[in-house]
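Visitor: Next one to model:
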Amino acid sequence: MQITENTVAVVSGGASGLGGAVAQALAAAGAKVGIFDLNEETGTAMAAKIGGTFAKVDVADPASVAEGFKTLRAAHGQEHIMVNCAGIAPASKTVSKGAPHNAEMFAKVITVNLIGTFNCASQAAAGMVATDALNADGERGVIINTASIAAFDGQIGQLAYAASKGGVVGMTLPMARDLMRDGVRVMTIAPGIFKTPMVAGLPQEVQDSLGAQVPFPSRLGDPNEFANLARHIVENPMLNGEVIRLDGAIRMAPR
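Guide: Numbers count the residues shown, from 1 in each chain. All right, here's what the predicted structure looks like:
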């Protein structure tokens with residue numbers, strides 16, 4: 001799919017971090033970009049920065065997602081690109097000091113990261129399949145989900161997070177197969193350690209230590225590198241039904 005001034009994109013978690021980088025990259029390429037986020041202040045600021053539209057959305061709530069799509073479609077029209085970046089990453093062991101993992105926390109991580117991705121992807125797909133094809137291939141849309149290398153190399157304390165991201169990985173191929181006849185592609189990016197606001201807030205020595213764990217290049221990933229891959233996925237029609245690790249060849253140790 002070629003990105004033009006008529007291309008419409010929605011990015012969940014688009015107020016900052018990886019989602020913010022994607023929103024900016026797609027807008028710079030010419031697309032009309034809508035942002036889903038819970039942070040109204042930063043979301044509104046990002047939308048203003050890129051000339052887009054913001055909708056306060058809780059991705060875990062399908063009604064909130066539907067209302068968000070209604071708002072953004074009223075402003076820009078039906079989206080052709082959906083990039084899911086919203087997520088949370090609390091840490092807790094299966095058993096800690098004799099107590100089992102908090103079940104409510106586990107359920108919340110699954111609900112936000114996995115079900116939230118499903119809510120946005122499925123509702124975007126329903127809109128995409130109802131539109132006319134955009135090119136000779138019959139393409140109607142592209143959905144890009146965000147997993148994590150924790151889906152494969154989950155560390156100590158990442159039980160809920162790894163499970164949620166593993167679910168996103170597992171959802172990729174069947175969703176692509178579900179939508180293949182309707183011309184909607186589905187891809188997932190599994191990033192390694194990137195300099196998101198959460199990581200950037202850590203002491204510099206901790207950031208340096210994390211970056212040194214990456215074989216090459218031995219540094220933290222730049223969110224713009226994630227955004228560049230997302231844009232390439234949109235523009236390369238043969239990328240479908242696959243998970244791409246974007247991690248500098250790191251394989252996470254237990255800790």
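Visitor: how about the helices in the chain?
Guide: For the chain, the helices defined by DSSP state H cover 17-28, 40-50, 62-76, 103-109, 116-128, 150-153, 159-179, 197-200, 204-212, 223-235.
Visitor: rank these by mean pLDDT and give me the bottom one.
Guide: Note on these: lowest mean pLDDT is at helix 197-200, with a mean of 81.
Visitor: So which residue is smack in the middle of this structure?
Guide: residue 85 (2.4 Å; CA atoms, centre = their mean).
Visitor: Isn't it up against residue 19?
Guide: Yes - counting by CB atoms under 8 Å, residue 85 touches residue 19, with 3.3 Å between them. For the C-beta atoms, the positions are set from N, CA and C on the backbone; glycine is no exception.
Visitor: Please enumerate the shared neighbours of the two.
Guide: When contacts are counted by CB atoms under 8 Å, 6 or more residues apart in numbering, residue 85 and residue 19 are jointly contacted by 11-13.
Visitor: Highest neighbour count among those residues?
Guide: The most crowded member of the shared contacts of residue 85 and residue 19, judged by other CB atoms under 10 Å, is residue 11 (35 neighbours).
Visitor: residue contacts, that one?
Guide: So residue 11 contacts 19, 22-23, 26, 33-36, 83, 85 (CB under 8 Å, 6+ apart).
Visitor: Would you mind measuring from the residue of the chain most remote from its centre to residue 90?
Guide: Taking CA atoms, centre = their mean, the residue of the chain most remote from its mean C-alpha position is residue 98, at 34.7 Å. According to CB to CB, to the nearest Å, residue 98 and residue 90 sit 20 Å apart.
Visitor: What of residue 7?
Guide: 35 Å.
Visitor: what is the mean pLDDT for stretch 180-192?
Guide: 98.
Visitor: Can you point out the buried residues in that stretch?
Guide: By neighbour count on 16 or more other CB atoms under 10 Å, the buried set for stretch 180-192 is 182-192.
Visitor: what about the residue nearest to the centre of the chain, distance to residue 128?
Guide: For residue 85, the distance to residue 128 - CB to CB - is 18 Å.
Visitor: go on, residue 69?
Guide: Taken as CB to CB, the span from residue 69 to residue 128 is 11 Å.
Visitor: between those two, what contacts are shared?
Guide: Common neighbours of residue 69 and residue 128, using CB under 8 Å, 6+ apart, are residue 79.
Visitor: which residues sit against stretch 65-75?
Guide: Residues contacting stretch 65-75 (CB under 8 Å, 6+ apart): 10, 34, 36, 53, 55-59, 79, 119-120, 123-124, 127.
Visitor: Swap in 7 Å and give it another go.
Guide: Residues outside stretch 65-75 that contact it (CB atoms under 7 Å, 6 or more residues apart in numbering) are 10, 34, 36, 53, 55, 57, 59, 119-120, 123, 127.
Visitor: For the nearest residue to residue 244 once chain neighbours are set aside, give me its contacts.
Guide: Nearest in space to residue 244, with sequence neighbours left out and distances taken as CB to CB, 6 or more residues apart in numbering, is residue 189 at 5.5 Å. Neighbouring residues of residue 189 by CB under 7 Å, 6+ apart: 144, 146, 226, 229-230, 244, 246.
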